[in-house]
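A.B. asks: Please work out how this folds:
(one chain, ligands or ions: 1)
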Amino acid sequence: MVTFSRMFKSRVAQIGVVSALAVMAGSVSADAGKQDLMQLAALSDGFVVETAYMQNCFACHSSGAAGAPKVGTAADWAPRAEKGIDALLASAIKGVNAMPPKGLCFACTDDDLKALIQYMVDSSK
Ligand code: HEC
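C.D. replies: Down below sits the predicted model:
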């Protein structure tokens, strides 16, 4: 389901078919559908979460550089995810230890950062 959902998101990102979402959301769980809709809202200004992740966060968060929680590693993210998305967003905006403010994505809005963090948490379960 995770794989399907991720493929689905990147496909939507590529082709940008908004109306297909409502139809397809019915074939995934209600929660996943809601998340995809939120994701799509973030995409509407041209922001693509996977691309933005690769450009801004991947360098540290794929390798665990400087102690960054690794995306894809549940043990790294579970304790952080417990704080809730808003707390994670707040510390990502301000920066924390070796995590630079906004993860150095100064073009990212708060909503963009929130979508990125949600993507990272969802990819680490
Ligand atoms: C220069 C390396 C670097 C980059 C680039 C980076 N991070 Fe981080 N990030 C870190 C490190 C290191 C930590 C762990 C900080 C700590 O808790 O000591 C971290 C932690 C976090 C956390 C957890 C904060 C918490 O309160 O536990 C979030 C969320 C996060 N990063 C989001 C992002 C996002 C989103 C991006 C891209 C826009 C990004 N990071 C880019 C290094 C980086």
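
A.B. asks: alpha carbons only for contacts and neighbour counts from here, please
C.D. replies: OK.

A.B. asks: Pop the domain breakdown of the chain in here.
C.D. replies: Domain assignment for the chain, taken from automatic domain parsing, gives 1-44, 46-125.

A.B. asks: In contact with the spatially closest residue to Gln118 that is not a sequence neighbour, which residues?
C.D. replies: Closest residue in space to Gln118, ignoring its immediate chain neighbours: Ile85 at 7.2 Å, by Cα to Cα, 6 or more residues apart in numbering. Contact analysis of Ile85 by Cα atoms under 8 Å, 6 or more residues apart in numbering lists Lys114, Ile117, Gln118.

A.B. asks: can you list those residues in a markdown table and add secondary structure and pLDDT?
C.D. replies: Converted to a markdown table, the contacts of Ile85 look like this (DSSP: H, G, I helix; E, B strand; the rest coil; pLDDT from 0 to 100):
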| residue | secondary structure | pLDDT |
| --- | --- | --- |
| Lys114 | helix | 98 |
| Ile117 | helix | 98 |
| Gln118 | helix | 98 |
